[in-house]
Structures are given as C-alpha cells and as structure tokens.
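# Next come a sequence and a model predicted from it.
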Amino acid sequence: MSLDRVTLIEAHQSHLHQRWSQGCHDVNVLHAELRQRGYRGSVRTLYRFLQPLRALDSSPATVPAKPASPAPPKIRHVTNWLLRRPEDLDEAEKVTLADIRNACPHLDRLADHITAFAKMMVHRTGADTLDAWLASVEADDIADLHTFSRGIRQDYAAVRNGLSLPYNSGACEGAVNKLKTIKRQMYGRAGFSLLRKRILLNV
C-alpha cells in the first residue's frame, strides 16, 4: 500500500475504529460510508487497512480498539484563525481556538494583542491607541512582539500616520504593477520604442 493511500485512509481512522467496535465488519459497507465522507481509495486498500483489526478479533484476548484521538490543529490553521475576524470563523473553529487559548495563556495574550492591532488598522485609530498598544506589548513577556514594537518606534511617525490617516499608496502601487506587467509581456519581443508606446497608451 503506497504512502499516499495510507495517508488518505488514515484521515478516516477514527470513524473506522468506531464502526468496527460497533460490530460493522463488512468492508463494502464501510467503504460506502467512507465514500460519503470524501474517501476516494479502493475497497482493496480498505481491506488491507482492516487486516490488523481482523487479526485482533481472531486472537484469544480481543481488546476493543479505541478511537484515535483527533489530531491537533496545525500551526498554520491556528495562525489563520488568530488573524481572521471572529465572526468569520465557523463554530468548530471558534471552539477549537477557545480551547487552545484556555490551554495556553501565552497564546491567549498574543491573540489579544493581535486583535487590538487589527482594530487600529481597520478603524484607523492609531493616533489615539498606538501608544497604549505599544506600552501593553512592551509590558508583556512576548519577545517577538518586543522586536515588532522596537521596529515601530524606529519609524514611529510613519506608522502612526499609516494607522490614522486615510491616505495610502494603493494607486501608485497599482500603476507600478501595470507597468511591470507590460514590461514582462514585451520582454524579448520588441524594442524600446514599442514598449514606450504601450506604456503611454496605458497610463
């Protein structure tokens, strides 16, 4: 059995153990259930995966298999949840994130700092709240945020204005991106004169 097939079927391991312990040993029935859960492997692959359970059942002292505990969330998933608006998370994500925050006070404080900074960016309240946010971060023991706060203080005026004023460089960045796109399209195809005409006609 290849590693890819094992990985596909292991995603349903908990369900298989539960159904097996309930007495459902029909491979075709189990395969149909897995297909409804998104499994795309073959019946033969499932049969091979269930062989150890059949061996346990045929041994004199059979111990019911316990369902595997759910795998912990990946770091990238937790990061994504912390950076999104709470109302954009589904119920399962909210519950999991709440459990993680309750289990880790360090991460719980980090989430509060992230939320406060995000609100400054969205509502442009940096003029009123940036100093308080920096003081709160610097009073905490999260070393990575200390590095972030030092970077802000090195360019404090620009960051404060960026978190307060409605102006941005979006229009300029858009024009630069358009010019770079035209340049890439023309590379190796024509000379400077045609490139100049295309740019003048597109600005």
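Looks like it came in fine. Please read all numbers here as calculations on a predicted model, not as lab measurements.

# Could you list the domains of the chain?
Per automatic domain parsing, the structural domains of the chain span 3-58, 75-162, 170-202.

# Tell me which of those domains lies nearest to S69.
domain 3-58 (8.0 Å; C-beta to C-beta). Using the backbone N, CA and C atoms, a C-beta is placed for each residue, glycine as well.

# Show me where this protein dips below the pLDDT cut-off.
1-8, 56-68, 203 (pLDDT under 70).

# host element of the residue most central in space within it?
Closest residue to the average C-alpha location of the chain: H77 at 3.3 Å, with C-alpha atoms, centre = their mean. Following DSSP states H and E, the helix or strand that holds H77 is helix 75-83.

# Flag every buried residue along the helix or strand just after that helix.
Next helix or strand after helix 75-83 toward the C-terminus (DSSP H and E): helix 91-103. Neighbour counts over helix 91-103 (16 or more other C-beta atoms under 10 Å) mark E93, T96, L97, I100, R101 as buried.

# Give me the residues contacting the helix or strand just after helix 91-103.
The helix or strand immediately downstream of helix 91-103 is helix 105-123, counting by DSSP H and E. Outside helix 105-123, the residues within contact range by C-beta atoms under 8 Å, 6 or more residues apart in numbering are 78, 82-83, 100-102, 125-126, 129-130, 133, 136-137, 140, 142, 145, 163.

# Selecting buried members of those in PyMOL, what would you type?
The following PyMOL line selects those of the contacts of helix 105-123 that are buried, judged by 16+ other C-beta under 10 Å:
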select buried, resi 78+82+100+101+126+129+130+133+136+137+140+142+145+163
